[in-house]
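> Sequence and predicted structure below; questions after.
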Amino acid sequence: MLDLTGPRGAVATSDPLAAQAGAEILRRGGNAIDAAVATMLTECVANPANVGIAGYGGCAVVFLARERRVVSIDFDSVAPFASAPDMFEIDPEADDWQIESGTARVVGRRNEHGYLAVSTPGVVAGLAHMLRRCGTMSWAEASEPAIRYAENGFPLSAGNAASVKDLAENADEVSRRAFLPDGDIPSEGEPFVQRDLAETLRTLAHEGPDAFYGSDIAGRIVKQIAEHGGVLQMADFASYSPVESDPIALECGGYELHTPPLPSGGVTSLQIVRAMHEADPPLPPLGKGGQWGGQADYYHLLIEISKLAWLDRIHECGDPAFIDDPTWRLLGSAHTIDLIASAGLAEPSGAPVGAPGPAGCTVHTVAADAGGNFVSLTATQGGRFGSRVVIDGLGLIVGHGMSRFDPVPGRPNSIAPGKRVLHNMSPMILTRGGEIAGAFGLPGGRKIVNVAAQMALSFVEFGLTPSQAVNAPRIHTEGREPVTVTGLSPEVIESLTSRGHRIESIQGRIGGPACAIMLDRETGCLLAASERGPGCVAVVV
């Protein structure tokens, strides 16, 4: 696909309805922040398996043109005050690597599905903070498209229809009735109407987003959860607030990369970028004649550095309010040198096979305006439909933030009351000499961390356009093999295999649909692309 261009503004995301909503806001005079929030709210309606206004959380990086600075806004989920480090029993059949990596399966999967899996939802608070801090429109204005789609419905895609059927078949009876009050499971192409959700969104439009955390909405959430054995309380809602901070930043190739600090995934992404940059192959992901496929030496080094960065993540990262923050040591020169040296000594054939991490269902959007404001925003339910708990009368699907904690006590990401969960979201802003250059990111669970790093390398090392970067080959490892790859040429795969790597080559993508917007300084135009194609990108010209 080609990059779409426009001088006034752009929105890129995974769903066409959501992209149209963001473009509508830009046409009405809103800025990039207004457009990003409207886009994400519409995703919460149009893409309910992946994100929702009661989803567990998200984060964003925003370039504020007037201030000429980047800010990070974290609205990660928080463990309920009544939670405990040992509240979940580990499945005795979990293997050593699952336990070591914090992905050990819990007996009954009670941290994934059901009422104990629910943590304090942060999406509404985070999006509201973005509007108040950086936007020009009210919550009511930004939520208009989402309300319209919830009330009037939209034709279900094949993927959404399958997800709705899956929830209907696996949720408890209360949640099933709350999600499908008529009892009918809609099929592909049929209109999907969410009247209860529309009414909840209207309440927030009339009373303001803080009403989500008040006695009516939050009280009804807490009541249903308590009645079914959950531990979320009104005190958890009353104390919740997003965290605004400076992002962590890395200078690389004449650019500056900005991403949210821990407990996001960005620190690991930047570890990979710095080590690859300073190892200085530099071997582009393009082969002879500009064909995708790349160079085996490049991907061998990328695999080994990614493995080591993931082991750092597993053993050292968590909510910095509860641990000694390892960020600047992990990104420091001495550790980077050690990382590169260790990668060069690695013997791939000796790496044990690792179990996959938890599934990820998330949404990412980027937005830009003519004034030079840029947003990179990620939000999530967690896995598909999160906890599978739907709040009766509100149409709210509640995320399962507890599934993202390490269920083994005594670790950096173990459960603690009031603790933010270590997550993988890694939205990125790219600047050059302090001026905006672009924004990018993707959904995709643990795969976000690796692919965000690879997209960053595509821009800062190889000068790819957004469409090239979102469609480039990808690799994924969480510290062990086999390594999943897509887009690599048979020759590169054969070379990697001959070096001892165990390679799992797939035809689909690794991670979710990536999107990016870059500023062409020569023309002043915006270049925008989404991995799924032009239909998922809206550009105002």
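Received it, and whenever you're ready, just let me know what you need.

> now stretch 296-310: mean pLDDT?
Average pLDDT, stretch 296-310: 93.

> which residues are in contact with that stretch?
Contacting residues not belonging to stretch 296-310 are listed as 268, 271-272, 275-276, 279, 281, 283-285, 330, 339-340, 342-344, 346, 348, 351, 449-450, 453-454, 475-480, 483, 485, 488, 491-492, 495-496, 499, 501 [Cβ atoms under 8 Å, 6 or more residues apart in numbering]. C-betas here are computed from N, CA, C, even on glycine.

> Nearest to the spatial middle of the chain, which residue is it?
Met425 (3.7 Å; Cα atoms, centre = their mean).

> mind checking the SS state of it?
coil (DSSP: H, G, I helix; E, B strand; the rest coil).

> and the contacts of stretch 296-310, which of them are in strands?
The members of the contacts of stretch 296-310 that map onto strands under DSSP state E are 475-476, 483, 485.

> so the residue nearest to the centre of the chain sits right up against Ala60, yeah?
No. Taking contacts as Cβ atoms under 8 Å, Met425 lies outside contact range of Ala60: 9.1 Å.

> anything in contact with each of these two?
In contact with both Met425 and Ala60: 260, 378, using Cβ under 8 Å, 6+ apart.

> Out of the contacts of stretch 296-310, name the ones that lie in helices.
Under the assignment DSSP state H, those contribute 268, 271-272, 275-276, 279, 330, 339-340, 342-344, 449-450, 453-454, 491-492, 495-496 to helices.

> Out of those residues, which end up buried?
Listed as buried from the ones in helices among the contacts of stretch 296-310 are 268, 271-272, 275-276, 279, 330, 339-340, 343, 449-450, 453-454, 492, 495-496; burial here means 16 or more other Cβ atoms under 10 Å.

> Leaving out chain neighbours, which residue sits closest to the residue nearest to the centre of the chain?
Using Cβ to Cβ, 6 or more residues apart in numbering and skipping the chain neighbours, the partner closest in space to Met425 is Thr378 (4.0 Å).

> and the one you found, what does it touch?
58-60, 362-364, 425-427, 441, 443, 448.

> with these in mind, which one is nearest to Ile225?
Set against Ile225, the nearest of the contacts of Thr378 by Cβ to Cβ is Gly58 (21.0 Å).

> Against Arg110, how distant is that closest one?
Distance of Gly58 to Arg110, computed by Cβ to Cβ, to the nearest Å: 24 Å.

> Between these two, which has more neighbouring residues?
Gly58 (31 against 18; other Cβ atoms under 10 Å).

> Can you classify the closest residue in space to the more buried one that isn't next to it in sequence as helix, strand or coil?
Excluding its sequence neighbours, the residue lying closest to Gly58 (Cβ to Cβ, 6+ apart) is Ala379, at 3.1 Å. Three-state assignment for Ala379 (three-state DSSP): strand.

> looking at the sheet around Ala379, what are its partners?
Ala379 has these beta-bridge partners by DSSP bridges: Gly58, Val363.

> Equivalent analysis for Ala12, please.
Going by DSSP bridges, Ala12 forms beta bridges with Val366, Val537.

> Tell me how far it lies from Ala367.
8 Å.

> go on, Ile185?
34 Å.

> now do Ala453
22 Å.

> what does Met518 give?
If you go by Cβ to Cβ, the gap between Met518 and Ala367 works out to 13 Å.

> And for Arg502?
Taken as Cβ to Cβ, the span from Arg502 to Ala367 is 40 Å.

> neighbour count winner among these two?
Ranked by neighbour count (other Cβ under 10 Å), Arg502 and Ala367 place Ala367 first, with 36 against 14.

> in the stretch 401-541 of the chain, which segments are predicted with low confidence?
532-541 (pLDDT under 70).

> do the stretch 1-150 of the chain as well
For the stretch 1-150 of the chain (pLDDT under 70), the answer is 1-7.

> between the contacts of Thr378, which is closest to Phe154?
Of these, the one sitting nearest to Phe154 (Cβ to Cβ) turns out to be Val363, at 15.7 Å.
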